[in-house]
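In: Could you look at this predicted model? Sequence included:
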Amino acid sequence: QVQLVESGGGLVQPGGSLRLSCVASGNRFSINAMGWYRQAPGNQRDLVANIISSGSTNYADSVKGRFTISRDNAKNTAYLQMNNLKPEDTAVYYCNADGGIMYGFTRAAFNSWGQGTQVTVSS
């Protein structure tokens, strides 16, 4: 199993910034892609941004130019820098990672989710 732990959420005023972190832990695993999703009450969980091992990134149109995803492969950590936050960014933000994990001599795919961190943008 690969566990993901998010941190960095909180309450911020419109126009403010937050930085989310997601740390992956486990044994004998390698990560392909890491991503951030968000879910507001009554809504589905949507992709915010993701980054693959090569460093290529993808963003939802609603956050382009305001959010930046990055990762530190040596630390198995992904970050989401969120600037110029808007009330509509309010949601629970979830980290996701996929890749491969070794069980003995067998490699299996994994896809893991974190527990989520609340981001509230309000004056």
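Out: Looks like it arrived, so ask away.
In: where in the chain is pLDDT low?
Out: Along the chain, no part satisfies pLDDT under 70.
In: can you map out the strands along it?
Out: Per DSSP state E, the chain carries strands over the ranges 3-7, 10-12, 18-25, 29-39, 46-52, 57-59, 67-72, 77-82, 91-103, 106-113, 117-121.
In: check contacts around the residue positioned nearest the centre of the chain.
Out: Residue closest to the average C-alpha location in the chain (Cα atoms, centre = their mean): residue 36, at 2.8 Å. Contacts here follow Cβ atoms under 8 Å, 6 or more residues apart in numbering; on that basis residue 36 touches 20, 22, 47-50, 69, 78, 80, 93-96. Every residue, glycine included, has its C-beta placed from N, CA and C.
In: could you redo the last one with a cut-off of 10 Å?
Out: With contacts taken as Cβ atoms under 10 Å, 6 or more residues apart in numbering, residue 36 has the following neighbours: 6, 20, 22, 47-51, 59-60, 63, 67, 69, 78-80, 82, 93-96, 114, 117.
In: buried subset of those residues?
Out: A residue is treated as buried here by neighbour count (16 or more other Cβ atoms under 10 Å); on that basis the buried members of the contacts of residue 36 are 6, 20, 22, 48-51, 59, 63, 67, 69, 78-80, 82, 93-96, 114, 117.
In: how much space between residue 58 and residue 67?
Out: When Cβ to Cβ, to the nearest Å is the yardstick, residue 58 and residue 67 sit 11 Å from each other.
In: what do you get for residue 105?
Out: Counting by Cβ to Cβ, the gap between residue 105 and residue 67 amounts to 40 Å.
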